[in-house]
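> Quick one, structure for this:
(4 chains)
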There are 2 protein chains.
Amino acid sequence: MSEGAGLQPDTCGCGPWTTLSGGSPCRIEDDHQANAFLANEAGQRTASANEMISGHREGERRCFRVLDGVVRLVRIFPDGQRQVARFAFPGDFVGLTASERELTCEAVTDTTVLEYDAERLERISDCNPHLARQLARALRDGVDQNVEHVRLLGRRSARQRLALFLKSLHGELGLGDLVPLPMARADIADHVGLTAETVSRAFAELKRRRVLMEIDRNLVRLDLSALTSLADET
Amino acid sequence: MSEGAGLQPDTCGCGPWTTLSGGSPCRIEDDHQANAFLANEAGQRTASANEMISGHREGERRCFRVLDGVVRLVRIFPDGQRQVARFAFPGDFVGLTASERELTCEAVTDTTVLEYDAERLERISDCNPHLARQLARALRDGVDQNVEHVRLLGRRSARQRLALFLKSLHGELGLGDLVPLPMARADIADHVGLTAETVSRAFAELKRRRVLMEIDRNLVRLDLSALTSLADET
DNA sequence: CGGTAGGTTGAAAGGGGTCAAGTTGTGTGG
DNA sequence: CCACACAACTTGACCCCTTTCAACCTACCG
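Residues are numbered from 1 along each chain as shown, chains lettered A, B, ... in the order given. As a prediction, this is how the structure comes out:
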């Protein structure tokens, strides 16, 4: 989620489905129905670090919402090359589209997720405007994340790819100038389209350039303005 | 659009909004309202090749649907590097999300589009399930396109990037083993994350490898199975 | 018929990949 | 509490691919 939306049933604060002309709400019980579904039919599930949450298999129907922890969506190419399509953080939906359900979902850290039936969710959202709006928003957030990822992969130098990645991670998990790095270097590498070795060298170079102040395995301290200008330079 | 949906008002063939429990339709007039909106409030517009359709500016509200021709969504990095985020073909929506509205939309070929107010579209879809479903579908198609783009950019060799691009283009515009190339080499290059020279060389290499039979400026004849296996090899 | 934009091809250089060796650090068992 | 083992990370050396810069070709349009 772009701006850290919580997990309350109604994060956007929208009222019930109404007609444009300001008429009466359309079947209030739909909301109850959907809320009941969201609360009751969702299986809560935990996974420990590096455990597979859902494998990619034809006709996968489950989708998830991350409650706690970090997960990665992985694709393995026929030649064995690995790609981390995206990381998902608390509040994020995973598997809302068929193409995303073809990816393997794995826990980066110890994780708890809510589990839904994707098609049923969609069917219910056809009748529940509140849920439909929430899902549409999640869908848009997913688009935006993908757009950011494409922007990142468009940059040709390793430094800039890492800089953009750290910037987005700062937006997701950053606390002041500290950014946790829950995922391994190899995960970062497969996300930004480099090798783990190059990522490591890029970290070192960013430190040399005073963009990163401290580098720990799971935490960096960064100069956000320097990072931003680096991401924008040649 | 993934599988070439036309421009009819109701491409998905969905019936009117109904409750899950099979109740009566919910305000049929909503559909009429939205259809009227789609038909009447859309400004039709034409643009000749390389003309800008919408510049990226803060708070851009317009979104489009391509009627005829091909458009590209371009981002220019602060350092001048160019990226073609995606190409849009007849039937595709453009600018449904805020992040996409930050891109510059340009005509690749002579083009005609339908123009909407994005926020208004969204507001109306809040009250019109039919429109909401159609937009949700377009949103999902957009996600899928982005996912494909990310997959493409994840491949490291120029050959494979071009192979994947040609494969997706074949899906959009291909006729048998012929694939039109409406866009310039530089556009392809900025889409797949290479330089125009490398793209040109990759074309030549694909021909040497018998994956492409003929290469013209605006048309290639390809061996789809060879292309597919190339995209999957090391 | 010449100009120009787009495309191809060539040579040289730089950046990232690969492979291999070292380092750190974390968890486990003695 | 220490020592060992293993995984993750870092660093180094070398090579290949892509970029860069340049010249050249080709089609289209004035």
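> and chain A, which of its residues are near DNA strand C?
With the criterion set to Cβ under 7 Å from any atom of the strand, chain A comes near DNA strand C through A:156-159, A:193-195, A:197-198, A:217. Just so you know, the C-beta spots here come from the backbone N, C-alpha and C atoms, and that holds for glycine as well.
> Could you dump these into TSV with secondary structure and pLDDT added?
Output for these, formatted as TSV (DSSP: H, G, I helix; E, B strand; the rest coil; pLDDT from 0 to 100):
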residue	secondary structure	pLDDT
A:156	coil	85
A:157	coil	93
A:158	helix	96
A:159	helix	96
A:193	coil	96
A:194	coil	97
A:195	coil	97
A:197	helix	97
A:198	helix	98
A:217	coil	94
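> Look up how far DNA strand C lies from the residue most central in space within chain A.
Closest residue to the average C-alpha location of chain A: residue A:88 at 2.7 Å, with Cα atoms, centre = their mean. According to Cβ to the nearest atom of the strand, to the nearest Å, residue A:88 stands 24 Å off from DNA strand C.
> Let me know whether that residue touches residue A:66 as I believe.
Yes - Residue A:88 lies in contact with residue A:66 (Cβ atoms under 8 Å); the separation is 5.1 Å.
> what's the overlap in contacts for these two?
Common neighbours of residue A:88 and residue A:66 (criterion: Cβ atoms under 8 Å, 6 or more residues apart in numbering or on different chains): residue A:94.
> For chain A, what lies in contact range of DNA strand D?
So chain A meets DNA strand D at A:156, A:184-186, A:196-197, A:199-201, A:203-204, A:215, A:217 (Cβ under 7 Å from any atom of the strand).
> Determine which two of those residues are furthest apart.
A:156 and A:217 (27.2 Å; Cβ to Cβ).
> Quick check: the residue of chain A nearest DNA strand C.
residue A:198 (3.1 Å; Cβ to the nearest atom of the strand).
> What count of nearby residues applies to that residue?
17 (other Cβ atoms under 10 Å in any protein chain shown).
> quick one, what contacts it?
A:158, A:189.
> Mind doing that once more with 10 Å?
If you count contacts by Cβ atoms under 10 Å, 6 or more residues apart in numbering or on different chains, residue A:198 has them with A:158-159, A:161-162, A:185, A:189, A:192.
> biggest separation within the residues you listed, which pair?
A:159 and A:185 (15.3 Å).
> Between helix B:129-154 and the helix ranked longest in chain A, find me the angle.
The longest helix of chain A (DSSP state H) is helix A:129-154. Interaxial angle of helix A:129-154 relative to helix B:129-154 (axes from the mean of the first three to the mean of the last three Cα atoms, to 10 degrees): 20 degrees.
> Just give me how far helix A:129-154 sits from the chain centre.
9 Å (Cα atoms, centre = their mean, to the nearest Å).
> How about stretch A:212-227?
On Cα atoms, centre = their mean, the centre of stretch A:212-227 falls 21 Å from that of its chain.
> Can it be said to contact chain B?
No - on the criterion Cβ under 10 Å from any Cβ of the partner chain, stretch A:212-227 is out of touch with chain B, staying 13.6 Å away.
> Buried residues, that stretch. List them.
By neighbour count on 16 or more other Cβ atoms under 10 Å in any protein chain shown, the buried set for stretch A:212-227 is A:212, A:220, A:222-223, A:226-227.
> if we can go back for a sec, can you pull the pLDDT of the residue nearest to the centre of chain A?
We have a pLDDT of 96 for residue A:88.
> which residues sit in contact with it?
A:1, A:64-66, A:69-73, A:94-95, A:100, A:105, A:108, A:111, A:113, A:142, A:145, A:172.
> again, only this time at 6 Å
A:66, A:71, A:94 (Cβ atoms under 6 Å, 6 or more residues apart in numbering or on different chains).
> Residue A:106 now?
A:52, A:72, A:74.
> mind checking the SS state of the last one?
The one in question is residue A:74. strand (DSSP: H, G, I helix; E, B strand; the rest coil).
> Can you verify my assumption that it contacts residue A:104?
Yes - counting by Cβ atoms under 6 Å, residue A:104 is a contact partner of residue A:74 at 4.6 Å.
> How many residues are close by residue A:203?
21.
> Tell me how far it lies from residue A:229.
Counting by Cβ to Cβ, to the nearest Å, the gap from residue A:203 to residue A:229 is 18 Å.
> Tell me the buried residues in stretch A:147-167?
Those buried within stretch A:147-167 under the rule 16+ other Cβ under 10 Å are A:147-155, A:158-167.
> what are the ranges of the strands in chain A?
Taking DSSP state E as the test, the strands found in chain A are A:43-47, A:52-54, A:62-68, A:71-76, A:82-88, A:93-94, A:104-107, A:111-117, A:178-180, A:212-216, A:219-222.
> closest one to residue B:131 among those strands?
Using Cβ to Cβ, the strands of chain A put strand A:93-94 closest to residue B:131, at 22.1 Å.
> before we move on, the earlier item: would you mind giving the strands of chain A as CSV with distance to residue B:233 added?
Converted to CSV, the strands of chain A look like this (distance: least, Cβ to Cβ, whole Å):
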stretch, distance to residue B:233
strand A:43-47, 33
strand A:52-54, 26
strand A:62-68, 32
strand A:71-76, 14
strand A:82-88, 16
strand A:93-94, 30
strand A:104-107, 21
strand A:111-117, 34
strand A:178-180, 37
strand A:212-216, 37
strand A:219-222, 37
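> Surely residue A:89 touches residue A:172?
Yes - counting by Cβ under 6 Å, residue A:89 touches residue A:172, with 5.2 Å between them.
> how about low-confidence regions in chain A?
A:1-41, A:56, A:234 (pLDDT under 70).
> Give me whichever of the strands of chain A is most buried.
Most buried of the strands of chain A, by mean neighbour count (mean count of other Cβ atoms under 10 Å in any protein chain shown): strand A:93-94, with a mean of 24.
> touching chain B at all, that strand?
No - judged by Cβ under 6 Å from any Cβ of the partner chain, strand A:93-94 stays clear of chain B, getting no closer than 11.6 Å.
> How far does that strand sit from its chain's centre?
Worked out by Cα atoms, centre = their mean, strand A:93-94 lies 7 Å from the chain centre.
> Note down every partner strand of it and its orientation.
Strand A:93-94 pairs in its sheet with strand A:62-68 (antiparallel), by DSSP bridges.
> what's in contact with the strand it pairs with?
So strand A:62-68 is in contact with A:54, A:88, A:90, A:92-96, A:112-116, A:118, going by Cβ under 6 Å, 6+ apart.
> For the nearest residue to residue A:75 once chain neighbours are set aside, give me its contacts.
Distance criterion Cβ to Cβ, 6 or more residues apart in numbering or on different chains; nearest residue to residue A:75, sequence neighbours excluded, is residue A:83 at 4.8 Å. Going by Cβ under 6 Å, 6+ apart, residue A:83 touches A:75, A:190, B:154.
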